[in-house]
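[1] With the input below, show me the fold.
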Amino acid sequence: MITNDISAKIENFDITKDVLDQLPCMVMAIDRDFNILSLNAVGCKWLEVENLEGKKCYDIVQSPHCRTDNCRVKQAMESDRIYVWRNKMTAAGKTFPIEYTAAPLKDKEGNIVGGLEYVVDISERVKIEEEVRAHSRTIMELSTPVIKLWEGIVILPLVGVIDTMRAQQIIENLLASIVENEAAVAILDVTGVPMIDTSVAQHILKTVSAGKMLGAEVIITGFSPNVAQTLVTLGVNLGDITTSGSLRDGVSKAFGIIGKKLV
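    As a prediction, this is how the structure comes out:
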């Protein structure tokens, strides 16, 4: 759909209206003064607009960036660059996530005469991404279970590789369990962790510090001789941490802390 009074400005453009109208995304062309030159069928449907005569893009698109220096199509026209980002769009009374692309509109000589805006509804993509993140959180929670061993004692057995995201999950799970169970002792068993480097050791130290802030003594169990030697070589200071070579010894220490004896 092209307005009559400015159609001459785009007579050199090879725009196939039938093709644009069949695209599942919104395509809008504007001149340098933000007058709408063209809007395909999907755009007209989303924005519930029929007559484009005399309308500017910011008259029909609801965005906080319109008429500001953060307007991407304005930046595209000024810098001769393409901008792609995610945002939300309100159309026909419905707000949905979009992928927005702004690009300069050029004539056959390469002169920038306006801007192009492409808007794709990514509701389904965002839904799938959220489901994947939810599944990932569930898997991490199942891989870092906190077990109530006794009244006042919780244990967190770690298995597998620990990265930054999982380390954060470990800290959150342990602290939540300490508060929930009013635990005086938390055992962190690393027997199932195949490798402990400086990064992993720092995560463990953060976990211990966070536990102490809640008034719980944290005992680390399961350091193998090779891991202990590696940590010493790396210069990781574990001097202020209570450790035990085996989970059995760690459990025995935990019972001692709460005034019980393991028989």
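[2] In terms of secondary structure, what does the host helix or strand of residue 249 contact?
    Per DSSP states H and E: residue 249 is located in helix 247-257. Where contact means 3 or more CB pairs under 8 Å, 6 or more residues apart in numbering; DSSP states H and E, helix 247-257 is packed against strand 147-150, strand 153-159, strand 185-192, strand 217-221, strand 242-244. (Each C-beta comes from the backbone N, C-alpha and C, glycine too.)
[3] tell me the angle of the second one relative to helix 247-257?
    For the pair strand 153-159 and helix 247-257, the angle between their directions (axes from the mean of the first three to the mean of the last three CA atoms, to 10 degrees) equals 160 degrees.
[4] quick check: mean pLDDT across strand 153-159?
    Taken as a whole, strand 153-159 has an average pLDDT of 88.
[5] List the buried residues in the helix or strand that that strand is followed by.
    Downstream of strand 153-159, the next assigned helix or strand under DSSP H and E is helix 164-181. Buried residues in helix 164-181, defined by neighbour count with 16 or more other CB atoms under 10 Å: 166, 167, 169, 170, 171, 173, 174, 175, 177, 178, 181.
[6] Mind putting the helices and strands packed on helix 247-257 into TSV with distance to residue 52 and mean neighbour count?
    Below are those laid out as TSV (distance: least, CB to CB, whole Å; neighbours: other CB atoms under 10 Å):
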stretch	distance to residue 52	mean neighbour count
strand 147-150	65	14
strand 153-159	61	21
strand 185-192	64	22
strand 217-221	66	22
strand 242-244	72	18
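[7] Quick one: closest of those to residue 44.
    Smallest distance to residue 44 across the helices and strands packed on helix 247-257 (CB to CB): 56.0 Å, for strand 153-159.
[8] Partner strands of that closest one and their direction?
    strand 147-150 (antiparallel), strand 185-192 (parallel) (DSSP bridges).
[9] Quick check: bridge partners of residue 99?
    Here residue 99, judged by DSSP bridges, has bridge partners residue 86, residue 120.
[10] any idea how far it is from residue 123?
    Distance of residue 99 to residue 123, given as CB to CB, to the nearest Å: 11 Å.
[11] These two - which one has more neighbours?
    When neighbours are counted by other CB atoms under 10 Å, residue 99 comes out ahead of the other of residue 99 and residue 123, with 16 against 12.
[12] Return the per-residue confidence for that one.
    Here, the pLDDT recorded for residue 99 equals 93.
[13] Now the helix holding residue 249: buried residues?
    So, applying 16+ other CB under 10 Å, buried residues of helix 247-257: 247, 250, 251, 253, 254, 255.
[14] starting at the chain centroid, how far to that helix?
    39 Å (CA atoms, centre = their mean, to the nearest Å).
[15] hang on, the earlier thing: just the closest of the buried residues of helix 164-181 to residue 134, please.
    Using CB to CB, the buried residues of helix 164-181 come closest to residue 134 at residue 169, 13.5 Å.
[16] List the buried residues for stretch 19-37?
    Those would be 20, 25, 26, 27, 28, 29, 30, 31, 34, 35, 36, 37, for stretch 19-37 by 16+ other CB under 10 Å.
[17] Show only the entries of those found in strands.
    26, 27, 28, 29, 30, 31, 36, 37 (DSSP state E).
[18] Of these, which pair is most distant in space?
    Using CB to CB, the pair of these lying farthest apart is 26 and 31, separated by 17.8 Å.
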